[in-house]
Every structure is written in structure tokens, then in C-alpha cells.
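K.L.:
this one's sequence-less:
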Ligand SMILES: [Zn+2]
């Protein structure tokens, strides 16, 4: 958390409120949020610069400045990046505040500090520490069913871990992987190489669908996430398996209870009826 829909929601809000604004001053409260960047270099790059765009790749935001450099921000687990007006009281754990020419402020707050800020030279964002190892964005045109099949082909890895690996598909985290596997009828325990071409197509469709729906609802707020205007998202009410252990599956004709297992130290929620465990004679995929 936050995952692609949350970061995309922040991107859209910031794009609307930041583009064309000039950054008048910067206040950095702690520099251990900086990655390969000095506090002086960041302040110098930002002061007097005008924002020309706000982009996203995977779970990373890219604030492009008119005079060349870009500032990459990764929100980590608990990061918040939002626009606050001049009167708003800033909460604890506010690490960076940029004063904007329209009187508003851009605020970066991160309780657990797994997030980071990296300054990139003109045109070098793609080569930054943050983006160098980031794979195909799950909402980009390049992320086709064929691309997903290529990523999974012949691999022995568990499908859930493979989808969480940002160096292959960027943007998915625990929540949307659980939701997409459920919608596609694929067991979270299946191995990549076991999936049939049809199951991979269903999985691709499910990934795009759940991301699109969540972006439309401005993301999922479980604990800390807020949009770029500082309010919670709305998709948490529409999660079908995540956080629903013990509740009945809502798919017509199923009614089994949602189960929770732990994979790589993280909770996986799934329906054993719709997503049968892979076992001898069963390839881990529900034949619809
Ligand atoms: Zn079910």
C-alpha cells in the first residue's frame, strides 16, 4: 500500500493542482527520506521551478520540472503526498513541504518512512535508482495478455509472488493481486508455468478491470492512504476477498467462505471454491 490505483489517483490530483505552479520555497524536515540526493541539490532544483507535468510509473510519481530535473517520489507503505491550503495544520511525520505560487502547499508525509524522494537530472528519470528496475506498468499499453504470458512462461515461481515483483509487472501490490486472482479464478498457490493460455488471458483481464475500477473509485483506503487532495479513497467497500476472511464468497452458486493464508509473510485472501488449490490432476485453475 499504496498500489497503482492509489498512486494514479494522487498523480491525477497533483497534475490538476501543480502543473503551471511555481515552487517558491522548500522545507525539508529530515533528509533520510532522500535517495541518492542531497538536501541542497533538491532545494536548489525545486526553488523557482515550475511544474510541467506529473507522471507515474508503477507505484512511483514523477514530478517533472520545466527547467529539466524531475523529482521522483515513492510513497512506500504509509506515504501521503497531497495539496494543502495555507491554513491547514500539518500533522506529525510531515517531512517535506513545498510552498506554491498559488498559496497552497505540496506536503509529503510518511509515518513509517519506507517511502523516498529522488532527484533526477534532465531526461535521466528512467535511469534513476527508483525506476531502473521497474518493469512494465500494469496500466500501460505494453502490458498485454501476451506480455503477461511472456513474463510467466515456464517459471516455477508462485503466481502471487510473480505478480508482486515490481521488476516484471509494476504497480500491483497485495490487495489488487488478491482481487485479480479471485476474479480470474486462479489459485494464489498456482505456479506461473501451470497456467493455461486461457487462464493467463482471464488474469490479464481481471488485473486491468480491478485497477480501472479502483482508479475510478479513487483507490483503497485501509489505513493511511489519502488522495492528492487529502481525502480517503472509496474502493475498500468494493473489495471481494481482501480483508474478508470468513465471509461468504459472493459469486453466484459458490457461497464458500473466504480463507486467509500467509505467503511470503503477507496475507493472501481467496475463495477455495472459485480458486481451487493446485493438486495432482488439477492445474490450479478453475475451469469456467
Ligand atoms: Zn467462491
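P.N.:
That came through fine. Every value quoted in this text rests on a predicted model; they were computed, and no experiment measured them.

K.L.:
touching stretch 259-274 from outside, list them.
P.N.:
158, 160-161, 164, 174, 178, 181-182, 185, 187-189, 241-245, 249, 251, 254-256, 258, 286 (Cβ atoms under 8 Å, 6 or more residues apart in numbering). (Glycine included, C-beta is placed from N, CA and C.)

K.L.:
show me where the stretch 1-150 of the chain has its helices.
P.N.:
Under the criterion DSSP state H, counting those that start in this stretch, the stretch 1-150 of the chain contains helices at 4-18, 39-46, 145-152.

K.L.:
so residue 16 versus the ion, what's the distance?
P.N.:
Taken as Cβ to the ion, to the nearest Å, the spacing of residue 16 relative to the ion amounts to 39 Å.

K.L.:
leaving out sequence neighbours, find the closest residue to that residue.
P.N.:
If the residues on either side of it in the chain are set aside, residue 16 comes closest to residue 228, at 7.9 Å by Cβ to Cβ, 6 or more residues apart in numbering.

K.L.:
which bits of the stretch 101-250 of the chain sit near the ion?
P.N.:
By Cβ under 5 Å from the ion, the part of the stretch 101-250 of the chain that sits against the ion consists of residue 249.

K.L.:
any idea which residue of the stretch 101-250 of the chain lies closest to the ion?
P.N.:
Relative to the ion, the nearest point of the stretch 101-250 of the chain is residue 249 (3.0 Å; Cβ to the ion).

K.L.:
correct me if wrong: that residue contacts residue 258.
P.N.:
Yes. Using Cβ atoms under 8 Å, residue 249 is in contact with residue 258, at 6.1 Å.

K.L.:
straight-line length of stretch 220-237, end to end?
P.N.:
By Cα to Cα, to the nearest Å, the extent of stretch 220-237 from end to end equals 8 Å.

K.L.:
list the buried residues for that stretch?
P.N.:
Residues 220, 221, 224, 225, 226, 227, 228, 230, 233, 234, 235, 236 are the ones in stretch 220-237 that count as buried (16 or more other Cβ atoms under 10 Å).

K.L.:
ok, stretch 34-45 next?
P.N.:
Of the residues in stretch 34-45, 34, 37, 42, 43, 45 count as buried by neighbour count, 16+ other Cβ under 10 Å.

K.L.:
contacting residues around it?
P.N.:
26, 28, 31, 65, 69, 71, 116-119, 128-130.

K.L.:
before we move on, the earlier item: for the residue of the stretch 101-250 of the chain closest to the ion, which non-adjacent residue is closest in space?
P.N.:
Closest residue to residue 249 apart from its sequence neighbours, by Cβ to Cβ, 6+ apart: residue 271 at 4.2 Å.

K.L.:
any idea how far residue 239 is from the one you found?
P.N.:
Counting by Cβ to Cβ, to the nearest Å, the separation of residue 271 from residue 239 is 13 Å.

K.L.:
go on, residue 108?
P.N.:
From residue 108 across to residue 239, the span is 27 Å (Cβ to Cβ).

K.L.:
quick one, which of these two is more surrounded?
P.N.:
Comparing residue 108 with residue 239 by neighbour count (other Cβ atoms under 10 Å), the higher total belongs to residue 108, at 22 against 19.

K.L.:
the residue lying closest to that one once chain neighbours are set aside pairs with what?
P.N.:
Spatial nearest neighbour of residue 108, excluding adjacent residues (Cβ to Cβ, 6+ apart): residue 96 at 4.0 Å. Beta bridges link residue 96 to residue 28, residue 108, judged by DSSP bridges.

K.L.:
pLDDT at residue 96, what is it?
P.N.:
As summarised for this prediction, residue 96 has a pLDDT of 97.

K.L.:
spit out the contact partners of it.
P.N.:
Residues near residue 96 by Cβ under 8 Å, 6+ apart: 26, 27, 28, 29, 33, 107, 108, 117.

K.L.:
one step back: which pair of the contacts of stretch 34-45 spans the longest distance?
P.N.:
26 and 129 (20.9 Å; Cβ to Cβ).

K.L.:
who's more crowded, those two?
P.N.:
When residue 26 and residue 129 are compared for neighbours, residue 26 comes out ahead with 18 against 13, by other Cβ under 10 Å.

K.L.:
my guess is the more buried one contacts residue 98. True?
P.N.:
Yes. Counting by Cβ under 8 Å, residue 98 is a contact partner of residue 26 at 5.2 Å.
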